[in-house]
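Visitor: Quick one, fold the following:
(2 chains)
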Amino acid sequence: MKNIHRFLLIFFLALNVMPVFASGDEHAEPASQETHEKEKFEPGNFIMDHIADSYDWHVFSVGDFHATMPLPVIVYSQHSGFHMFMSSNFHHGHSVYEGFSIANEGEYRGKVVEMVNGHEVRPFDISMTKNVVAMLISMVILLWVFISVAKSYTRRKGKAPVGLQSFVEPIIIFIRDEIAKPAIGEKTYAKYMPYLLTIFFFIWLNNLMGMVPFLPGGANVTGNITITMVLALFTFVITSVNANKSYWKHIVNTPGVPWWLKFPVPLMPLVEVMGVFTKPFVLMVRLFANITAGHMIVLAFVSLIFIFGQISPGLGYGTSVVSVLFVVFMDMLELLVALIQAYVFTLLSALYFGMATEEHH
Amino acid sequence: MGLVTPELGTFIWMLLAFAIVLFILKKFAWKPILSALKEREDSIEGALRSAERAKEEMAALQADNERILQEARKEREAMLKEAKEMGSKLVSEAKQKATLEADKVIESARINIESEKSAALNEIKAQVALLSVEIAEKILRQQFADDQQQKDYFKKLMDEVKLN
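Guide: As a prediction, the model looks like this:
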């Protein structure tokens, strides 16, 4: 979350001019009091802009100065072909570059669009957005942490764990003994351990990094539906690929159900087939919704300060005290949610694997 | 709404990155970590098991020792008892023998005394016979000296003898 650096800003801005940074079209405007006072603070946009993905990585803003890290924009357009340039060419969404711009309104708000015959057309967009870069950073951290831990395991064979090893070891053992073994079964659990460990640590790390308001963190990776979709897709594919005959038989011809539920109208098989897809779908939505909701609440508390600050600066100061307290409380809760959601995703994936490979007698 | 619409670009990046990271972590992190953990747990379990076994062996050994000690104690008691019995038997036997011997000695002493006594009596009898002969000689001499006197004397002697 960006909340903490937002707080610093709040105090800066409360001292200067209140809603300067809010909706981002202060570009090239003289910082005159009048224009800014007219500009209305919109908490909806403010929150969405912080939760949504973006083409550059905002670090901090002081007044009209925005420190951002530009990221590569990679697009393929059916009209103008392949393009690759840095997002700084958009000048925070105010310039058109090579025919591309960032939409301010409408369906594609915040996305790169190409104007074709007066219509906004979305190109094939594989830009390294903030979420992608944050995800890649977290991947690098995961690789670095666990390969170094693995090295210390091979170096100090059979000895008690030290350092990072002793931090991750109980978690690994927990996932093995409390999630994988009971959910999948003693015989087959080992095959799924690498995946379960990877998703657990990936989700947990990204949940935590999402709470860190400054650069390596601050991106809403696990609160991005695409990311959670890929994770759920992996669980779905692993479940389906490893599923045994009895799993499919249960779907096509569920035992213990009256025949008229299966024939002539295959009601039960239909429900079961839907269940195959709803399981990963629910995984995807749960993680996305939990993390996004947490961020939204925190941002909503921050927005309160600006809403009241617009009425009068004094009220804004007063609200900030309450808001900060609530945000601290929410962050504590989010810390817990970060772990719980990683645990739930891992546990449910393990349960699905267990269901798919269960031996029926 | 943009928030719940999956993005193709993010999807491709995530799919690639996650698959690669999963593969690398599986090969270079999870495998060595999990196998090291398993190895360590196995060795700990093995050590615990062997400790348990050693404990059991120790207990068995102790029980064995206890049993042997008990047996030794019993044996000692039996031996002591036997010795005691033997001793008392010996003593009683000796006593019996001694009484027997003593009886024998007494008997022989008695026989001896008896024979001594009879010998002594025999001697006395012989002495008396001798004396009688001497007396008879003396009487005979006196008789030869004076007939009357002899007669008297003889008479007197006879009386004396009667007195004896």
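Visitor: So which elements touch the helix ranked longest in chain B?
Guide: Identified as the longest helix of chain B according to DSSP state H is helix B:31-145. In terms of contacts (3 or more C-beta pairs under 8 Å, 6 or more residues apart in numbering or on different chains; DSSP states H and E), helix B:31-145 is packed against helix A:130-155, helix A:164-174, helix A:189-211, helix B:147-163. Bear in mind the C-beta positions are built from the backbone N, C-alpha and C, glycine included.
Visitor: Not counting the helix or strand following the third one itself, show me its contacts.
Guide: Right, helix A:189-211. Next along the chain after helix A:189-211, taking DSSP states H and E as the criterion, comes helix A:225-242. Contact with helix A:225-242 is made by A:131, A:135, A:191-192, A:195, A:199, A:202-203, A:206, A:221-222, A:276-277, A:279-281, A:283-285, A:287-288, A:345, A:348-349, A:352-353, A:355-357, B:3-7, B:10-11, B:14-15, B:18, B:22, as judged by C-beta atoms under 8 Å, 6 or more residues apart in numbering or on different chains.
Visitor: Which among those count as buried?
Guide: Among the contacts of helix A:225-242, the ones that count as buried by 16 or more other C-beta atoms under 10 Å in any protein chain shown are A:131, A:135, A:192, A:195, A:199, A:202-203, A:206, A:221-222, A:276, A:279-280, A:283-285, A:287-288, A:345, A:348-349, A:352-353, A:356-357, B:3, B:7, B:10-11, B:14, B:18, B:22.
Visitor: that older thread, point out the most buried one among the helices and strands packed on helix B:31-145.
Guide: helix A:189-211 (a mean of 23; mean count of other C-beta atoms under 10 Å in any protein chain shown).
Visitor: I'd like the average pLDDT over that helix.
Guide: For helix A:189-211, the mean pLDDT works out to 95.
Visitor: shaky segments in the chain?
Guide: No chain specified, so I'll use chain A. A:1-39, A:360-361 (pLDDT under 70).
Visitor: right idea, wrong chain: chain B
Guide: Judged by pLDDT under 70, the stretches of chain B that qualify are B:1, B:142-146, B:150, B:163-164.
Visitor: For residue A:230, give its distance to residue B:5.
Guide: 15 Å (C-beta to C-beta, to the nearest Å).
Visitor: Same question for residue B:109.
Guide: Computed as C-beta to C-beta, the residue B:109 to residue B:5 distance reads 145 Å.
Visitor: what does residue A:98 give?
Guide: As judged by C-beta to C-beta, residue A:98 and residue B:5 stand 24 Å apart.
Visitor: ok so, going back, redo the helices and strands packed on helix B:31-145 as a markdown table? Include distance to residue A:237.
Guide: Output for those, formatted as a markdown table (distance: least, C-beta to C-beta, whole Å):
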| stretch | distance to residue A:237 |
| --- | --- |
| helix A:130-155 | 19 |
| helix A:164-174 | 24 |
| helix A:189-211 | 10 |
| helix B:147-163 | 163 |
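Visitor: closest one to residue B:60 among those?
Guide: Residue B:60 lies closest, by C-beta to C-beta, to one member of the helices and strands packed on helix B:31-145: helix A:164-174, at 35.5 Å.
Visitor: following the closest one, which helix or strand comes up?
Guide: Toward the C-terminus, helix A:164-174 is succeeded by helix A:181-184 as the next helix or strand (DSSP H and E).
Visitor: ok, and for that following helix, which residues are buried?
Guide: Using 16+ other C-beta under 10 Å as the test for burial, helix A:181-184 gives A:181, A:183, A:184.
Visitor: Show me which of those residues is closest to chain B.
Guide: Nearest to chain B among these is residue A:181, at 12.4 Å by C-beta to the nearest C-beta.
Visitor: need the contact list for the closest one.
Guide: Applying C-beta under 8 Å, 6+ apart to residue A:181 gives the contacts residue A:189.
Visitor: one more time with 10 Å, if that's ok
Guide: For residue A:181, the contact set (C-beta atoms under 10 Å, 6 or more residues apart in numbering or on different chains) comprises A:175, A:189, A:190, A:193, A:350, A:354.
Visitor: In contact with residue A:352, which residues?
Guide: By C-beta under 10 Å, 6+ apart, the residues touching residue A:352 are A:183-184, A:235-236, A:238-240, A:242-243, A:247, A:276, A:279-280, A:283.
Visitor: one more time with 7 Å, if that's ok
Guide: Counting by C-beta atoms under 7 Å, 6 or more residues apart in numbering or on different chains, residue A:352 touches A:235, A:239, A:279.
Visitor: how far away is the last one from residue B:161?
Guide: So the one you mean is residue A:279. According to C-beta to C-beta, residue A:279 and residue B:161 sit 161 Å apart.
Visitor: Residue A:110 sits in which helix or strand?
Guide: Using DSSP H and E, residue A:110 falls within no helix or strand.
Visitor: cool, and residue A:114?
Guide: When elements are assigned from DSSP H and E, residue A:114 belongs to strand A:112-116.
Visitor: strand partners of that strand, parallel vs antiparallel please.
Guide: If you go by DSSP bridges, strand A:112-116 pairs up with strand A:100-102 (antiparallel), strand A:119-121 (antiparallel).
Visitor: Give me whichever of those is most buried.
Guide: strand A:100-102 comes out most buried of these by mean count of other C-beta under 10 Å, with a mean of 20.
Visitor: buried ones in stretch A:214-225?
Guide: A:215, A:217, A:218, A:219, A:220, A:221, A:222, A:223, A:224, A:225.
Visitor: who's in contact with the nearest residue to the second one once chain neighbours are set aside?
Guide: Taking C-beta to C-beta, 6 or more residues apart in numbering or on different chains as the measure, residue A:217 lies nearest to residue A:209, with 4.0 Å between them; neighbours along the chain are not counted. The contact partners of residue A:209, taken as C-beta under 7 Å, 6+ apart, are A:134, A:138, A:216, A:217.
Visitor: what about residue A:70, neighbour count?
Guide: Residue crowding around residue A:70 was assessed by other C-beta atoms under 10 Å in any protein chain shown; the count is 14.
Visitor: isn't it right up against residue A:89?
Guide: No: with contact defined as C-beta atoms under 7 Å, residue A:70 does not count as touching residue A:89 (8.1 Å).
Visitor: closest to chain B among the contacts of residue A:352?
Guide: For these, the residue nearest chain B by C-beta to the nearest C-beta is residue A:235; the value is 11.6 Å.
Visitor: Show me what from the stretch 1-150 of chain A comes close to chain B.
Guide: Residues of the stretch 1-150 of chain A lying close to chain B (C-beta under 7 Å from any C-beta of the partner chain) are A:48, A:51-53, A:109-111, A:125-127, A:129, A:131-132, A:135-136, A:139, A:142-143, A:146-147, A:149-150.
Visitor: And stretch A:57-74, end to end?
Guide: Using C-alpha to C-alpha, to the nearest Å, one end of stretch A:57-74 lies 16 Å from the other.
Visitor: So what does residue A:255 look like in phi/psi?
Guide: Main-chain dihedrals, residue A:255, degrees, to the nearest 10: phi -70, psi 150.
Visitor: measure it to chain B for me?
Guide: Separation of residue A:255 from chain B (C-beta to the nearest C-beta, to the nearest Å): 35 Å.
Visitor: which SSE is residue A:61 in?
Guide: Per DSSP H and E: residue A:61 is located in strand A:56-62.
Visitor: ok, now which ones touch residue A:224?
Guide: So residue A:224 contacts A:53, A:131, B:10 (C-beta under 7 Å, 6+ apart).
Visitor: who touches the second one in this structure?
Guide: Same thing as residue A:131. Shown in contact with residue A:131 (C-beta under 7 Å, 6+ apart): A:53, A:219, A:220, A:221, A:224, A:227, B:10.
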